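Colleague: This is a predicted model, with the sequence first.
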Amino acid sequence: MKNFIQFIFRIFHREASAENSIFESIDHETGIKLLQYFMLCVLLILCFILPGADVKKRAKESAQQRVQQELRESSPGGNADASADSGLKTGIGAGNGNTEAGNGAGNGTSGAGAKNGDENENSGSGEGESSGAGSMAGQKGTIVIDAGHGGDDPGMIGPSGINEKVLNLIYAEKLKELLEAQGYRIVMTRETEDGLYDEDQSNKKAQDMERRVKIIEENSPLLTVSIHQNSYPDASVSGPQVFYFQHSVEAEKLAASIQNAMNTELEIGRPRTHKGNTSYYILKRSSSVTVIVECGFLTNPQEEEKLQEEEYQNQVAQAICDGVLAYLEKASQV
C-alpha cells in the first residue's frame with residue numbers, strides 16, 4: 001500500500017518531461033484530493049459489487065434447496081432402491097419373445113409356468129403419447145395399474161376361448177375401485193381392450209410395452225401392479241403367483257405381501273411363493289416399485305372357469321388390494 005501511494009504521489013509531483021503536460025498545473029493539495037476521490041470511488045464500487053454477489057449466491061442456494069425439496073416431496077414412497085435398479089437396466093433391442101418358463105409343474109413352492117410372451121419383450125424404440133390419465137382423486141398418492149396385453153395381442157387363450165386381455169382388464173378395474181375407495185389416485189395404462197400402439201407401427205408389441213413404461217415413469221407412482229393370467233404346458237398347474245424384479249428390495253417386499261394375501265384369502269390348496277425375475281420388460285425397465293400379479297392359470301380348465309366367475313374375481317381383487325395396503329402401511333412406518 002505504501003508503494004502504491006508513493007507511486008501516485010510521483011505521478012502528481014513528477015517534473016513534466018514534455019511540454020504542455022497535463023500534470024504541470026497540479027499542486028500537492030490537489031493531488032491529495034484526487035487520490036481521496038479515487039479511493040472513495042473504489043470503496044463505492046466494492047460496496048455495490050460484493051453485496052450483489054452475495055445476494056446472487058444466496059438466491060442460487062435457495063433455488064437449489066427448493067428444487068431438492070420438491071424432488072423429495074414428489075419421489076415415490078418406498079422406492080429407496082430405485083437408483084440401484086436403474087444401474088441394472090440394459091439397453092432395448094428390437095424383437096419379440098416369450099417370458100421364461102417356471103421351475104416346474106405341480107411344485108407348490110416353485111416358480112410359475114411359462115407365459116405367452118409379453119414382459120420379456122426386448123422392445124425396439126418407438127414414440128408416442130401415453131394413454132390412461134387415471135383419476136385425479138385420491139390424496140394418499142398415485143398407484144399405477146397395468147392391464148396386460150390388449151388390441152391385437154390377446155395374451156393367453158383358455159380352453160373355453162376366453163382370452164387374457166379381457167380378464168386382465170376386468171381384474172384391473174376391480175382393483176382400481178378398491179384402491180380408490182382407500183384414497184389413492186389410480187392411473188390405468190389402458191381402460192379399453194385396445195393396445196397402446198399405433199396401427200401403422202411395424203413392431204406393435206415393442207411400442208405397446210414402451211408406452212406402458214412411459215406412463216409409469218410420468219406418474220412417479222408409489223407402486224405399480226401389472227395384472228396378468230398365467231399358462232403352463234402341464235394343465236394341472238394352478239394358483240396365483242407374484243413376480244418382482246430380482247434386484248429390487250422394495251418390489252420383493254410388495255410381491256411377498258400380495259402373495260401372502262392371495263394365498264391366505266383365496267384359500268389356495270398348494271400355495272406358491274413370490275418369485276424374482278430379471279427378464280420381464282415392465283419389471284426391469286420401470287423405476288417404480290413394480291410387480292406382476294398372475295391371477296391364475298388359464299391352461300388349467302378348472303381354474304380358467306373359476307377366473308371367469310365374478311365372485312372369485314372380486315375375491316382376487318380384494319386380496320391384491322389387501323396385499324398392497326399391507327405393504328404401504330409397513331413402508332410408512334419405516
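Modeller: Looks like it came in fine. Keep in mind that what you see is a predicted model, and the values were worked out from it rather than measured.

Colleague: Is it correct that Ala326 is in contact with Thr264?
Modeller: No: when contacts are counted by Cβ atoms under 8 Å, Ala326 is not listed as touching Thr264 (10.9 Å). All C-beta spots, glycine's among them, are computed from the backbone N, C-alpha and C.

Colleague: Pick out whichever of the two has more residues nearby.
Modeller: Between Ala326 and Thr264, counted using other Cβ atoms under 10 Å, Ala326 has the larger neighbour count: 17 against 13.

Colleague: Chain neighbours aside, what residue packs nearest to the more buried one?
Modeller: Among residues not flanking Ala326 along the chain, Ser257 sits closest, at 4.8 Å (Cβ to Cβ, 6 or more residues apart in numbering).

Colleague: other SSEs contacting the helix or strand containing that neighbour?
Modeller: Assessed by DSSP states H and E, Ser257 sits inside helix 249-265. Applying 3 or more Cβ pairs under 8 Å, 6 or more residues apart in numbering; DSSP states H and E, one finds that helix 249-265 makes contact with strand 241-245, strand 290-297, helix 310-333.

Colleague: For His228, which of those is the nearest?
Modeller: The closest of these to His228 is strand 290-297. By Cβ to Cβ, the value is 5.2 Å.

Colleague: Send over the closest one as PDB, restricted to the C-alpha atoms.
Modeller: Listed in PDB are the C-alpha atoms of strand 290-297, where the atom choice follows Å, rounded to 0.1, in the frame of the first residue of the first chain:
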ATOM      1  CA  THR A 290     -43.400 -52.900  -9.700                       C
ATOM      2  CA  VAL A 291     -44.800 -56.400  -9.500                       C
ATOM      3  CA  ILE A 292     -46.600 -58.700 -12.000                       C
ATOM      4  CA  VAL A 293     -49.600 -60.500 -10.500                       C
ATOM      5  CA  GLU A 294     -50.500 -63.700 -12.300                       C
ATOM      6  CA  CYS A 295     -54.100 -64.300 -11.100                       C
ATOM      7  CA  GLY A 296     -54.200 -67.900 -12.100                       C
ATOM      8  CA  PHE A 297     -53.500 -70.400 -14.900                       C
END
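
Colleague: ok, that strand: who's next to it in the sheet?
Modeller: Partner strands and pairing direction for strand 290-297 (DSSP bridges) are strand 223-230 (parallel), strand 241-245 (antiparallel).

Colleague: ok, back up a step: compute the inter-axis angle for the helix holding Ser257 and strand 223-230.
Modeller: Using axes from the mean of the first three to the mean of the last three Cα atoms, to 10 degrees, the inter-axis angle of helix 249-265 relative to strand 223-230 is 50 degrees.

Colleague: Now do the same for the closest residue to Lys176 other than its chain neighbours: helix, strand or coil?
Modeller: Counting by Cβ to Cβ, 6+ apart, Ile186 is the residue found nearest to Lys176 once chain neighbours are left out, at 4.6 Å. Counting by DSSP: H, G, I helix; E, B strand; the rest coil, the backbone at Ile186 sits in strand.

Colleague: Dig out what Ile186 forms beta bridges with.
Modeller: So, taking DSSP bridges as the rule, Ile186 has Ile143 as bridge partners.

Colleague: quick one: contacts for it?
Modeller: 134-135, 138, 142-145, 176, 179-180 (Cβ atoms under 8 Å, 6 or more residues apart in numbering).
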